[in-house]
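Structure for the following, please:
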Amino acid sequence: MRLQVFCEDRLGMTRELLDILTSQQIDLRGIEIDRIGIIYLNCPEIEFEQFSQLMSQIRQLDGVTDVRKIQFMPSEREHKELKALLETLPDPFFSINLQGKVDLANDSAESLMGKSRGDIVGESIQTLLGFNFHRWLEKEEAAKRSEMVVIAGLDYMMEVMPVYVADESQTQVLASAMILLKSLSEAKMPVAMRKFSGDNGFEHLVGQSSRFKHMLAQAKKLALLDAPLLIQGETGTGKEMLARACHQRSLRRDNPFLLVNCVSMPDNAAETELFGLAGTATESGKKGIFEQADGGTVFLYEIGEMSAHLQIKLLRFLQDGTFRRVGEEQEMKVNVRVICSTQKKLPDLVAAGEFREDLYYRLNVLALVVPPLRERTADIVPLAELFLAQFAQELQQPKPVISEELAQYLSQYAWPGNIRQLRNVLFRTMTQVEGSEVTVDDVQLPENESAGIISEETLDGSLDEIMKRYEFGILNSLYRSYPSTRKLAKRLGVSHTAVANKLREYGINKR
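Numbering: from 1, shown residues only. A predicted model of the protein is given here:
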């Protein structure tokens, strides 16, 4: 029960109100004086007869002009209105106390973190977002700041805002802080901010399979070294992204990361592009990639496509970091780390005489092998969820959920184009899907690329269990392409009854 008492500004008015409550044996939970002439009382609910008597006694006080029952105290109303406003914010929001723990989080924050409100409130903001609150409080003097963070593989602009309130002497005192996360897509992000925000650069690499985690742990160790690094993997596995992450984790992170595509670079221009061009009497010289990247990293994409002539030049450079610009006799030296990638098997190219053996051993000092998607099936659905979330941000539409049937279908597809193919397929799907759920019917995949996947994860269990998973994958992939079970039976060379029984056994239908 909340009461609003209109009265004159008279000494002792509040005390007389409290005396009435005491005489009625009514507990006082709170009292507020909004401005001169209005007093608010917060008390437990009472019976109607006692309430009528209480209102009569208050009105008889000298100086009281009116008394009304209201729904909220002023502070309660302001708190509830503010909380309701924050709850409706489309962006994740956190209110942080001076101990660095979350006091309030909205629905968007709950959805982003994948945790319930009860699990978020009271949690350290450093644990949730990696933000060092106490350092910001002490060393940065609680100044407003903005920085990019990566959460679950997605880019966000984190805005940290201090909240000051005035004390009795009207001095501004820090009371709390607010953190607002605004989603950013790569297409809309300013170039200056397209940097990894953390201290290791691996935030965008998503995966939970044991093989991927092992590769990532190895990459984080090798990233800190300065020796050449060779990254091997099929097309579309994310070799460039891994190279960028290794650069960002290294001590070279503040210096350039330059990419050289050995596939698309014409041989006659490649040497100038890499090593630069000597100046003339009328024109100044041109810096090459290695000179521009001094102190940083050069990433040679698809090193197996490099010409024999450039291989000799690169070998010389790797020996001591010296080179000559084209047309110049003077040598110069730079400090550059070389990271290479290839989808070809370099030992085979060496055996065929297409790649220098001495260069191969020079490049293969440190090596990483990025597993194809078919060998890390546990990562397919998490990657699909990440891509759908990214596309939902870019297209400014709600993120659809992946049906259980589609999750199983994606996990059993061979993905010859690996992560790049998965991303492209889901982008096409996202532009066409209309409902809140993505199903198998929304995804278009070539039939001849569907296959059972032989990997460590799919080989779990007995032979019978492995064969059933393989059989399910074949039937599930082919069934959607045939209008009847009879035609499917003819395609597989078995009886119609056998196919019908198998489809029924595995619960496969054309939903």
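
Check the secondary structure at the nearest residue to Gly304 once chain neighbours are set aside for me.
Of all residues not flanking Gly304 in the chain, Lys344 sits nearest, at 4.0 Å (C-beta to C-beta, 6 or more residues apart in numbering). To be clear about C-beta, it is placed using only N, CA and C from the backbone, and glycine gets the same treatment. With DSSP: H, G, I helix; E, B strand; the rest coil as the basis, Lys344 sits in coil.

ok, Lys344 touching Met306?
No - between Lys344 and Met306 there is no contact under C-beta atoms under 8 Å: 11.1 Å.

hang on, the earlier thing: now do the phi/psi pair for the residue nearest to Gly304.
phi -90, psi 160 (degrees, to the nearest 10).

likewise the one 10 residues further on?
Dihedral angles phi and psi of Glu354 (degrees, to the nearest 10) take the values phi -100, psi -10.

Any figure for the gap between it and Gln319?
22 Å (C-beta to C-beta, to the nearest Å).

In terms of packing, which of these two has more residues around it?
Using other C-beta atoms under 10 Å as the criterion, Glu354 and Gln319 rank with Glu354 on top: 14 against 10.

Compute the distance between the more buried one and Tyr479, please.
Distance, Glu354 to Tyr479, using C-beta to C-beta: 44 Å.

now do Val173
For Val173, the distance to Tyr479 - C-beta to C-beta - is 68 Å.

Have a look at the two and say which one is more surrounded.
Ranked by neighbour count (other C-beta under 10 Å), Val173 and Tyr479 place Tyr479 first, with 17 against 10.

quick one: the more buried one and Ile508 touch, right?
Yes - counting by C-beta under 8 Å, Ile508 is a contact partner of Tyr479 at 5.6 Å.

what about the nearest residue to Lys399 once chain neighbours are set aside, neighbour count?
Spatially, and ignoring its direct neighbours in sequence, Lys399 is nearest to Ala392 (3.8 Å; C-beta to C-beta, 6+ apart). Residues lying near Ala392 (other C-beta under 10 Å) number 17.

so who does Ala392 touch?
398-400, 430 (C-beta atoms under 8 Å, 6 or more residues apart in numbering).

So what sits opposite Arg337 in the bridge?
As for beta bridges, Arg337 partners with Thr297 under DSSP bridges.

What is the neighbour count of it?
23.

How many neighbouring residues does Val443 have?
20.

And Glu8, by the same measure?
That count, for Glu8 with other C-beta under 10 Å as the rule, works out to 12.

ok, now Arg252?
Arg252 has 20 nearby residues by other C-beta under 10 Å.

per-residue confidence at the nearest residue to it once chain neighbours are set aside?
In this structure, Arg252 finds its nearest non-sequential neighbour in Gly296, 5.1 Å apart by C-beta to C-beta, 6+ apart. Note on Gly296: pLDDT of 94.

And Gly296, its phi and psi?
Torsion angles, degrees, to the nearest 10, at Gly296: phi -120, psi -140.

Verify the contact between it and Val338 for me.
No - contact criterion C-beta under 8 Å: Gly296 and Val338 do not qualify, at 10.8 Å.

just the strands in the stretch 151-300 of the chain please.
154-166, 172-184, 229-232, 257-261, 297-301 (DSSP state E, counting those that start in this stretch).

Nearest to Phe472, out of these?
Phe472 lies closest to strand 229-232 among these, at 31.9 Å (C-beta to C-beta).

How far does that closest one sit from its chain's centre?
25 Å (C-alpha atoms, centre = their mean, to the nearest Å).

Rounded mean pLDDT for that strand, please.
For strand 229-232, mean pLDDT rounds to 95.

so can I have a markdown table of the strands of the stretch 151-300 of the chain showing distance to Leu363?
Below are those laid out as a markdown table (distance: least, C-beta to C-beta, whole Å):
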| stretch | distance to Leu363 |
| --- | --- |
| strand 154-166 | 32 |
| strand 172-184 | 36 |
| strand 229-232 | 5 |
| strand 257-261 | 14 |
| strand 297-301 | 9 |
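
How about Ile33: what's its closest non-neighbour residue?
Using C-beta to C-beta, 6+ apart, the nearest residue to Ile33 is Ile39, at 5.6 Å.

What strands flank the strand or helix carrying that neighbour, and is each parallel or antiparallel?
Element membership of Ile39 [criterion: DSSP states H and E] is strand 38-42. Paired strands of strand 38-42, with direction, are strand 2-7 (antiparallel), strand 30-35 (antiparallel) (DSSP bridges).

Can you name the element that comes right after that strand?
As assigned by DSSP H and E, the chain's next helix or strand after strand 38-42 is helix 48-59.

So which residues of the stretch 101-250 of the chain form helices?
107-113, 117-120, 125-129, 133-138, 210-222, 239-249 (DSSP state H, counting those that start in this stretch).

for the ones you listed, which one sits closest to Glu81?
Checked against C-beta to C-beta, the stretch from the helices of the stretch 101-250 of the chain lying closest is helix 107-113, at 16.8 Å.

how about the CA coordinates for the closest one, as PDB?
C-alpha atoms of helix 107-113 as PDB (Å, rounded to 0.1, in the frame of the first residue of the first chain):
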ATOM      1  CA  ASP A 107      16.700 -10.000 -22.900                       C
ATOM      2  CA  SER A 108      19.200  -9.300 -25.700                       C
ATOM      3  CA  ALA A 109      22.100  -9.800 -23.400                       C
ATOM      4  CA  GLU A 110      20.500 -13.100 -22.100                       C
ATOM      5  CA  SER A 111      20.100 -14.300 -25.700                       C
ATOM      6  CA  LEU A 112      23.600 -13.300 -26.700                       C
ATOM      7  CA  MET A 113      25.400 -15.000 -23.800                       C
END
